[in-house]
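Chemist: Here you go, sequence then predicted model.
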Amino acid sequence: GAGVSQSPSNKVTEKGKDVELRCDPISGHTALYWYRQRLGQGLEFLIYFQGNSAPDKSGLPSDRFSAERTGESVSTLTIQRTQQEDSAVYLCASSDTWAQNTEAFFGQGTRLTVV
Amino acid sequence: RKEVEQDPGPFNVPEGATVAFNCTYSNSASQSFFWYRQDCRKEPKLLMSVYSSGNEDGRFTAQLNRASQYISLLIRDSKLSDSATYLCVVTRTGSARQLTFGSGTQLTVLP
């Protein structure tokens, strides 16, 4: 596709339910990132993929959060047993290579509201 | 201490003013540096990369001081359309290339 695509754009879920967020990166981009942004806050790093591997999962806030990537393409972020503090915009970004000064392109995000 | 720190602002300046934002980073292994811009309820977008020699793009000038681990962004002749949050971003290479974002500096340009 022309850009990074995320779905759904908005998700309202009840506390305790599981949710799955999807990211379609720019075709050919090997690096993929997930970030969380709470209202009025900065970007919080969650996880990074190089190809289908996740060398850095240090940002996942708890074991309720998991992510995978397949075919060096689509990634899904799963949040189990959602809590109200999980409410945020979840942003996905992709970039071309390991090279320095390579721009990361963001999707428009998934706005998650846990009620 | 956060790995990337920025003055959150807000900065409220009149049209035509010159405004400067600063950013410090704590990891001396940081290798690449960027300024991103985020409009309200939108995704971040690259504004400019930051090079050791400093670089300019129209009204925007970015500078990097590796010794002091300090990055700056200067906006001259500010426009209403410059109103946004400006995010300082650093990366480090190695086994895990990670973009680390500062919390952002909010700018409002007033008519």
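Modeler: Done, it's in. Residues are numbered from 1 along each chain as shown, chains lettered A, B, ... in the order given.

Chemist: Residue in chain A with the shortest distance to chain B?
Modeler: In chain A, the residue that lies nearest chain B is A:G42 (3.2 Å; Cβ to the nearest Cβ). Placement of C-beta: from N, CA and C, glycine included.

Chemist: Near that residue, how many other residues are there?
Modeler: Neighbour count of A:G42, defined by other Cβ atoms under 10 Å in any protein chain shown: 18.

Chemist: which residues in chain B form strands?
Modeler: For chain B, applying DSSP state E gives strands covering B:4-6, B:11-14, B:19-25, B:32-38, B:45-50, B:55-57, B:60-65, B:70-75, B:84-92, B:98-101, B:105-110.

Chemist: follow-up on the earlier one: got the contact list for the residue of chain A closest to chain B?
Modeler: When contacts are counted by Cβ atoms under 8 Å, 6 or more residues apart in numbering or on different chains, A:G42 is found next to B:L87, B:F101, B:G102, B:S103, B:G104.

Chemist: you'd agree the third one is up against B:L73?
Modeler: By that I understand B:G102. No. Using Cβ atoms under 8 Å, B:G102 is not in contact with B:L73, being 11.1 Å away.

Chemist: Please enumerate residues in contact with the lowest-mean-pLDDT helix or strand in chain B?
Modeler: In chain B, the helix or strand scored least confidently by mean pLDDT, DSSP states H and E is strand B:98-101, which has a mean of 80. With Cβ under 8 Å, 6+ apart as the test, strand B:98-101 has contacts from A:33, A:35, A:42-43, A:45, A:48, A:56, A:93, A:104, B:3-4, B:25, B:27, B:30, B:36, B:44, B:87-92.

Chemist: hmm, try it at 6 Å
Modeler: A:G42, A:L43, A:Y48, A:D56, A:A104, B:E3, B:V4, B:L87, B:V89, B:V90, B:T91 (Cβ atoms under 6 Å, 6 or more residues apart in numbering or on different chains).

Chemist: Would you pull up the residue in chain B closest to chain A?
Modeler: Closest point on chain B to chain A, by Cβ to the nearest Cβ, is B:S103, at 3.2 Å.

Chemist: out of everything not next to it in sequence, what's closest to that residue?
Modeler: A:G42 (3.2 Å; Cβ to Cβ, 6 or more residues apart in numbering or on different chains).

Chemist: and that neighbour, backbone torsions?
Modeler: Note on A:G42: its backbone torsions stand at phi -80, psi -180 [degrees, to the nearest 10].

Chemist: picking up where we left off before, same list (the strands of chain B) but as JSON lines, adding distance to A:S7 and mean neighbour count.
Modeler: Listed next are the strands of chain B as JSON lines, based on distance: least, Cβ to Cβ, whole Å; neighbours: other Cβ atoms under 10 Å in any protein chain shown:
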{"stretch": "strand B:4-6", "distance to A:S7": "30", "mean neighbour count": "21"}
{"stretch": "strand B:11-14", "distance to A:S7": "35", "mean neighbour count": "14"}
{"stretch": "strand B:19-25", "distance to A:S7": "33", "mean neighbour count": "19"}
{"stretch": "strand B:32-38", "distance to A:S7": "21", "mean neighbour count": "22"}
{"stretch": "strand B:45-50", "distance to A:S7": "20", "mean neighbour count": "18"}
{"stretch": "strand B:55-57", "distance to A:S7": "33", "mean neighbour count": "12"}
{"stretch": "strand B:60-65", "distance to A:S7": "33", "mean neighbour count": "18"}
{"stretch": "strand B:70-75", "distance to A:S7": "33", "mean neighbour count": "19"}
{"stretch": "strand B:84-92", "distance to A:S7": "24", "mean neighbour count": "23"}
{"stretch": "strand B:98-101", "distance to A:S7": "22", "mean neighbour count": "21"}
{"stretch": "strand B:105-110", "distance to A:S7": "29", "mean neighbour count": "18"}
